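Student: sequence and computational prediction follow.
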Amino acid sequence: MNTQTPITLAVDCMGGDHGPRVTLAACRRLLAARPEARLLLVGRVEALSGWTDPRGQIVPATEVVEMDDPLELALRKKKDSSMRVAIEQVRDGKAGAVVSAGNTGALMAIARYVLKTMDGIDRPAIAGQMPNFKGGGTTMLDLGANVDCTPEHLLQFAVMGSALVSVLQNKEQPSVGLLNIGEEAIKGNEIIKKTGELLRSAGSAGDLNFHGNVEGNDIFKGTVDIVVCDGFVGNVALKASEGLATMIGGFLKNEFSRNIFTKIAAIFAYPVLSAFKHRVDHRRYNGAALLGLRGLVFKSHGSADEVAFETALVRAYDASRNQLLDRVRERIAHAAPLLLGEQAERAEPAVTPV
């Protein structure tokens, strides 16, 4: 008999490129694998009418945030969108986490407006996994929410990323690397150098396990568990990783359609390339966490199929079950003296009245 406490997820069933055709199929897969799970399926009632499993309750929403909707429209006008209603389920305590494949900018803006930012966090960040050659994933943040970051923002990302990995991968002290153009502490611009100093201080204080600077190839080597960078660099790396998987898939397909010699070569190379394709398959790493909010929000890739969307659901489920929010709060509170000290140093000195 299963005695686990049920974990409820709110699912934006209308989001993404495929909508209910994919999201509902993924929900069925999740419930088959985790019978104790419960779901709040948010969307247009007519689009969800085929759902019959009593473990999933339909929550009506009359509007949909489209992938190309302007941010102002999604945030200010579509107040009954499936995305917003799903996030409100977390705010109201009806769900432990929300999953959406919808517009990333809209998801971050609405989540930040509805849930608010956690104490001690200036900017939420997007944390996701990149495949590495060790057969696992390297967690990377930020993946696009914050283009311009201060050293303090990057320190916050490192602390939040450590909490995420400790919960989802059962590593109490995951290693953290700062993405740079070289391993030496003297490398990089002034922001990166200052961030390195902060992360070393945080490591000495026991706030995180700082490995040092890492380079781009270390992401895929799996040199560290977590790689910290600003959102501009992180998003470029993410798209490059997805492009690699697409390129390998295209190669496998095309080589079998050429002349007899390339067909023979492809037959011998196929097992190795196929295994490599599986290892870098972005579907295995789908589901980026929006960290720093007062609620758990997970972003699925917009083009996700049912396998990929199920992966995002599983990550959200595990994060909620293992109380990720509490772990983030604990780690941020522990690092607060360092953050507050750095902020005080930059503040203008008080003027004593005469």
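Tutor: Noted; the coordinates are in hand.

Student: and A74, how far is that from E66?
Tutor: Noted for A74: a distance of 8 Å to E66, by CB to CB, to the nearest Å. For the C-beta atoms, the positions are set from N, CA and C on the backbone; glycine is no exception.

Student: what's the mean pLDDT across the host helix or strand of R327?
Tutor: Taking DSSP states H and E as the definition, R327 sits inside helix 324-346. The average pLDDT within helix 324-346 is 77.

Student: ranges for the helices of this structure?
Tutor: Under the criterion DSSP state H, the chain contains helices at 20-33, 71-72, 82-91, 104-115, 151-168, 190-204, 216-221, 231-255, 260-279, 306-321, 324-346.

Student: beta partners of the most centrally placed residue in the chain?
Tutor: Centroid-nearest residue in the chain, with CA atoms, centre = their mean: A288, separated by 1.7 Å. Taking DSSP bridges as the rule, A288 bridges to K299.

Student: isn't it right up against D142?
Tutor: No - the criterion here is CB atoms under 8 Å, and A288 misses it with D142 at 9.9 Å.

Student: any shared contact partners between these two?
Tutor: Common contacts of A288 and D142 (CB atoms under 8 Å, 6 or more residues apart in numbering): 126-127.

Student: quick one on the thing from earlier: rank the helices of the chain by pLDDT, which is bottom?
Tutor: Among the helices of the chain, helix 260-279 scores lowest, at a mean of 57.

Student: can you give me the distance of V64 to R84?
Tutor: The value you get for V64 to R84, if CB to CB is used, is 10 Å.

Student: which neighbours do these two share?
Tutor: Common neighbours of V64 and R84 (CB under 8 Å, 6+ apart) are K78.

Student: sorry, back to before: just put the helices of the chain in JSON lines and tack on distance to G136 and mean neighbour count.
Tutor: Converted to JSON lines, those look like this (distance: least, CB to CB, whole Å; neighbours: other CB atoms under 10 Å):
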{"stretch": "helix 20-33", "distance to G136": "20", "mean neighbour count": "20"}
{"stretch": "helix 71-72", "distance to G136": "34", "mean neighbour count": "12"}
{"stretch": "helix 82-91", "distance to G136": "28", "mean neighbour count": "25"}
{"stretch": "helix 104-115", "distance to G136": "24", "mean neighbour count": "21"}
{"stretch": "helix 151-168", "distance to G136": "11", "mean neighbour count": "25"}
{"stretch": "helix 190-204", "distance to G136": "22", "mean neighbour count": "18"}
{"stretch": "helix 216-221", "distance to G136": "11", "mean neighbour count": "17"}
{"stretch": "helix 231-255", "distance to G136": "14", "mean neighbour count": "16"}
{"stretch": "helix 260-279", "distance to G136": "9", "mean neighbour count": "12"}
{"stretch": "helix 306-321", "distance to G136": "14", "mean neighbour count": "23"}
{"stretch": "helix 324-346", "distance to G136": "19", "mean neighbour count": "16"}
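
Student: out of those helices, which comes closest to P131?
Tutor: helix 260-279 (5.9 Å; CB to CB).

Student: so what's V224 closest to, chain neighbours aside?
Tutor: G177 (3.7 Å; CB to CB, 6 or more residues apart in numbering).

Student: with A97 instead?
Tutor: L296 (3.6 Å).

Student: who's in contact with the one you found?
Tutor: Taking CB under 8 Å, 6+ apart as the test, what L296 contacts is 90, 96-98, 289, 316, 319-320, 324-325.

Student: show me which of the residues you listed is closest to T150.
Tutor: Distances from T150 to those, taken by CB to CB, are shortest for A289, at 21.3 Å.
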